[in-house]
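Asker: pasting the structure only:
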């Protein structure tokens, strides 16, 4: 679960419509074949929505339409639907063997989802709101980037939630993000599990389980990988010997550093230095 988006990280989305809709009680959407991908997030009221099959939807429901789906719907006089919606298309561009190529990757999302976790729903609703506000804003230098960022975070949260069989609590994600950021800011220092558990005020055992559920690794494994990634950067620079690199990234024992490096990278730091020293670098 440590990479919920997978190859969809390379997605380039294009939005044709983003709306905040408060329909009236007479709203009816006749049957038609839809031509784009679409999301509808219901945050109040109720309606009947058809996406090849008919469902009664209310607060917390997200409906996903794919191109070619048959779509219809209507709401109720005494409790009309309020929702956010977007129509979009996307491409996925991958790079391999010095070539870019386009790959069709479907979204692994069911047509009807019910987001029961209140923390998760609140965050996704906030992202839809931000996206709809950005959609109607004047064109600025960062408008498209912000729209895509809101959209990609929505997707990532939906995929995380779906891959956890809809048992994921968004509050866990917030806590794990906080611990991850703490590690990134302090990885050069000695960090113990007790320090991390104190930081977010939960037990060490619960932090261990929660962190692995979200990231796929324990906090200490995450810390080691951060240090190894930084060590690779320093080795590429070529200014430090292996012992100095190990100390700069937070390892007090050069032997333990080499052991961790080989376990994570499949080669020793010295072998890695030999490989990258032959590669051309500008900076």
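Answerer: Yep, that arrived. If you're wondering where the values come from, they're calculated on a predicted model, not measured in any experiment. Numbers count the residues shown, from 1 in each chain.
Asker: when you work out contacts or count neighbours from here on, use the C-alpha atoms and nothing else.
Answerer: OK.
Asker: give me the low-pLDDT residue ranges for this protein?
Answerer: For the chain, the stretches with pLDDT under 70 are 1-4, 164-168, 278-283.
Asker: in it, spot the strand with the most residues.
Answerer: Ranked by residue count under DSSP state E, the longest strand found in the chain is strand 82-96.
Asker: any idea which helix or strand comes after it?
Answerer: Going down the chain from strand 82-96, the next helix or strand is strand 99-103, by DSSP states H and E.
Asker: so how far is that following strand from its chain's centroid?
Answerer: 22 Å (CA atoms, centre = their mean, to the nearest Å).
Asker: counting contacts, what elements does that strand pack onto?
Answerer: Applying 3 or more CA pairs under 8 Å, 6 or more residues apart in numbering; DSSP states H and E, one finds that strand 99-103 contacts strand 82-96.
Asker: got the angle for the strand it packs on vs strand 99-103?
Answerer: 140 degrees (axes from the mean of the first three to the mean of the last three CA atoms, to 10 degrees).
Asker: burial of residue 57, as a residue count?
Answerer: Using other CA atoms under 10 Å, residue 57 has 24 neighbouring residues.
Asker: residues contacting it?
Answerer: 42, 46, 47, 48, 49 (CA atoms under 8 Å, 6 or more residues apart in numbering).
Asker: hang on, the last one in a helix?
Answerer: No. Judged by DSSP: H, G, I helix; E, B strand; the rest coil, residue 49 forms no part of a helix; its state is strand.
Asker: any of the contacts of residue 57 buried? List them.
Answerer: When the contacts of residue 57 are checked for burial by 16 or more other CA atoms under 10 Å, the buried set is 42, 46, 47, 48, 49.
Asker: redo the residues you listed as JSON lines? Include distance to residue 92.
Answerer: Conversion of the buried ones among the contacts of residue 57 to JSON lines gives the following (distance: CA to CA, whole Å):
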{"residue": "42", "distance to residue 92": "28"}
{"residue": "46", "distance to residue 92": "35"}
{"residue": "47", "distance to residue 92": "33"}
{"residue": "48", "distance to residue 92": "33"}
{"residue": "49", "distance to residue 92": "29"}
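Asker: tell me which of the residues you listed is nearest to residue 113?
Answerer: Using CA to CA, residue 42 is the member of the buried ones among the contacts of residue 57 that lies nearest residue 113, at 10.7 Å.
Asker: for the closest one, list each beta-bridge partner.
Answerer: Under DSSP bridges, the beta-bridge partners of residue 42 are residue 83.
Asker: how close does it get to residue 115?
Answerer: Distance from residue 42 to residue 115, counting by CA to CA, to the nearest Å: 10 Å.
Asker: overlap in contacts, those two.
Answerer: 60, 61, 62.
Asker: my guess is the last one is in a helix, correct?
Answerer: No. If the criterion is three-state DSSP, then residue 62 is strand and not within a helix.
Asker: for the residue nearest to it when sequence neighbours are not counted, what are its contacts?
Answerer: If the residues on either side of it in the chain are set aside, residue 62 comes closest to residue 41, at 4.5 Å by CA to CA, 6 or more residues apart in numbering. Taking CA under 8 Å, 6+ apart, we find residue 41 in contact with 60, 61, 62, 63, 83, 84, 85, 125.
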